[in-house]
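**Student:** sequence and predicted structure below; questions after.
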Amino acid sequence: MNVLKVGDWEIYHLNGGKFALDGGAMFGVVPKVIWEKLIKPDERNRIPMASHPLLVKTNKHIYLIDVGIGKNWDEKFKDIYDVKEEDLFYSLDFGPEDVDYIIATHLHFDHMAGYVNYNFKKAKVIVQSMEWQDANFPHLRSRASYIKERIEPIKDRLILIEGDYKVEDGIYLVLTGGHTRGHQVVIIERFGKGLIFMADLVPTIHHIHYPYIMGYDLYPVDSLYARYKIYNLILKNNYLMIFEHDREPKIGNLIIEDNKPKVICS
């Protein structure tokens with residue numbers, strides 16, 4: 001487990017489960033002859049991925065940013081997505097009962113399905129209002145990403161927000177849209193140091209280039225414009241980028257070389 005310090009806050013990069021998704025879907029319009037040089041697919045054209053939620057321990061609260069793909073899937077699901085289930089709280093000194101707030105970047109199964117596997121006794125769930133609406137009334141293109149029985153239990157814990165939002169001093173949510181209408185990234189900032197949890201705006205370090213946008217994104221042009229906005233914010237404030245879906249946890253600095261973005265991993 002990777003533990004970071006942002007000022008006097010502790011940040012844990014957790015293991016929310018391993019899985020695999022179709023490489024073509026993950027890279028959208030980028031041809032396979034290009035993306036397979038970055039990450040090798042298996043015989044079923046799937047690329048290895050994982051879910052890496054963040055646990056943030058401030059002086060006031062414990063926050064969990066996303067919950068991961070979770071456990072107790074049926075064999076068909078595990079075969080399709082090559083799921084390797086993990087205990088999100090393994091080796092931590094605290095458990096789900098200690099979490100005060102869960103911040104959902106969005107409600108797709110690889111980010112929030114794990115909610116039902118843990119006893120979050122007091123945690124409230126912060127999510128964009130339109131993300132909650134779309135998760136409960138998905139259309140034909142999005143419904144496979146929202147698992148009703150894994151989302152419905154959240155309903156009694158909701159804090160619904162609209163747009164950019166300050167959770168507390170030093171934790172800010174930025175609505176990006178793109179991947180879904182209600183997709184958001186998370187800024188964590190303390191004593192002049194900070195990072196951005198990129199969620200599915202940039203799911204892996206291999207997606208750092210502007211046009212490397214997933215076929216899963218419902219509004220890909222919005223994703224493109226959001227990248228310009230967030231990259232400029234990162235460069236201005238010297239934020240670290242923290243990625244959610246690389247098989248191994250990835251954190252790095254954004255630089256621009258020859259007008260192209262690049263991540264230098266720390």
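**Tutor:** Yep, that arrived. Numbering: from 1, shown residues only.
**Student:** against residue 253, how distant is residue 184?
**Tutor:** Going from residue 184 to residue 253 by C-beta to C-beta, to the nearest Å gives 22 Å. In short, each C-beta sits where N, CA and C put it, glycine included.
**Student:** more crowded one of these two?
**Tutor:** residue 184 (27 against 15; other C-beta atoms under 10 Å).
**Student:** my guess is the more buried one contacts residue 128. True?
**Tutor:** Yes - with contacts counted by C-beta atoms under 8 Å, residue 184 reaches residue 128, the gap being 5.9 Å.
**Student:** any shared contact partners between these two?
**Tutor:** 106, 175 (C-beta atoms under 8 Å, 6 or more residues apart in numbering).
**Student:** and stretch 150-168, how far apart are its ends?
**Tutor:** Using C-alpha to C-alpha, to the nearest Å, the end-to-end distance of stretch 150-168 comes to 28 Å.
**Student:** may I see the buried residues of stretch 141-151?
**Tutor:** Within stretch 141-151, the residues that count as buried by 16 or more other C-beta atoms under 10 Å are 142, 145-147, 150-151.
**Student:** closest to residue 47 out of the residues you listed?
**Tutor:** Closest to residue 47 out of those is residue 145 (17.2 Å), distances taken as C-beta to C-beta.
**Student:** could I get the phi/psi values of that closest one?
**Tutor:** phi -90, psi -20 (degrees, to the nearest 10).
**Student:** all helices of the chain, in order?
**Tutor:** 23-27, 32-35, 75-81, 109-112, 129-136, 148-151, 220-237 (DSSP state H).
**Student:** helices or strands next to the third one in the packing?
**Tutor:** Counting contacts by 3 or more C-beta pairs under 8 Å, 6 or more residues apart in numbering; DSSP states H and E, helix 75-81 packs against strand 18-22.
**Student:** and the strand it packs on, C-alpha only, in PDB?
**Tutor:** The C-alpha coordinates for strand 18-22 follow below in PDB (Å, rounded to 0.1, in the frame of the first residue of the first chain):
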ATOM      1  CA  LYS A  18      -8.200  -6.100 -10.300                       C
ATOM      2  CA  PHE A  19     -10.100  -6.500 -13.500                       C
ATOM      3  CA  ALA A  20      -9.700  -6.200 -17.300                       C
ATOM      4  CA  LEU A  21     -11.600  -4.300 -20.000                       C
ATOM      5  CA  ASP A  22     -11.500  -4.300 -23.800                       C
END
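**Student:** would you mind pulling the contact partners of it?
**Tutor:** 42, 45-51, 69, 81-84, 86, 110, 247.
**Student:** which of these are buried, as a PyMOL select command?
**Tutor:** Here is the PyMOL command that selects the buried residues among the contacts of strand 18-22 (16+ other C-beta under 10 Å):
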select buried, resi 46+47+48+49+50+51+69+81+83+86+110
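**Student:** tell me the two of the contacts of strand 18-22 that are most distant?
**Tutor:** Farthest pair in these, by C-beta to C-beta: 45 and 86, 24.0 Å.
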